[in-house]
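> Take this sequence and fold it.
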Amino acid sequence: MEIPPKSPDGSEKSPQSKELLTSNTGSSLCISSRSESVWTSTPRSKWDIYHKPVIVVSVGAAVFLFGMVITSLSCIQIKNKNVYKMCGPAFLSLGLMLLVCGLVWIPIIRKKQKQRQKSQFLQSLKSFFFNR
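Next up is the predicted model:
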């Protein structure tokens with residue numbers, strides 16, 4: 001076995017352990033937490049709010065259209081007709097599922113945004129009246 005070299009100050013800590021000890025894990029955890037928007041009051045753009053459902057809707061529509069193409073290819077005389085008949089409906093259903101999930105996700109985000117605005121308003125009112 002290889003013995004790790006001692007540092008100049010006489011301690012036996014390796015450079016990796018020093019990096020781990022000096023890293024700011026507490027602050028980095030706070031920054032990457034999901035509740036970051038609760039603590040920061042910076043306004044977010046529409047893209048920051050809606051980018052995930054828009055991506056899901058776009059991918060769902062693309063997969064759905066791909067399923068339509070594959071299903072329509074099964075109507076044409078091609079060698080692997082059975083493969084197209086099996087894969088086409090699978091892509092159709094997967095695309096439709098993603099499309100519907102994304103379309104339902106958008107009103108849920110809108111409702112949460114309205115609740116968050118009301119909550120911030122009520123919080124500011126409460127702090128205004130009770131901090132006097």
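
> Tell me the predicted confidence for residue 65.
Residue 65 is assigned 96 on the pLDDT scale.

> low-scoring stretches of the chain, by residue?
Within the chain, the ranges that satisfy pLDDT under 70 run 1-41, 132.

> same thing but 90
Counting by pLDDT under 90, the chain shows low-confidence ranges at 1-50, 71-86, 113-132.

> All the strands of it, in order from the start?
With strands called from DSSP state E, the chain shows none.

> In it, mark out all the helices, start to finish.
Assigned by DSSP state H, the helices in the chain fall at 15-22, 25-32, 36-39, 46-73, 81-130.

> Dump these into CSV; add mean neighbour count as well.
C-beta here means a position set from N, CA and C on the backbone, and glycine is covered the same way. Shown next, in CSV, are the helices of the chain (neighbours: other C-beta atoms under 10 Å):
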stretch, mean neighbour count
helix 15-22, 10
helix 25-32, 10
helix 36-39, 11
helix 46-73, 15
helix 81-130, 13
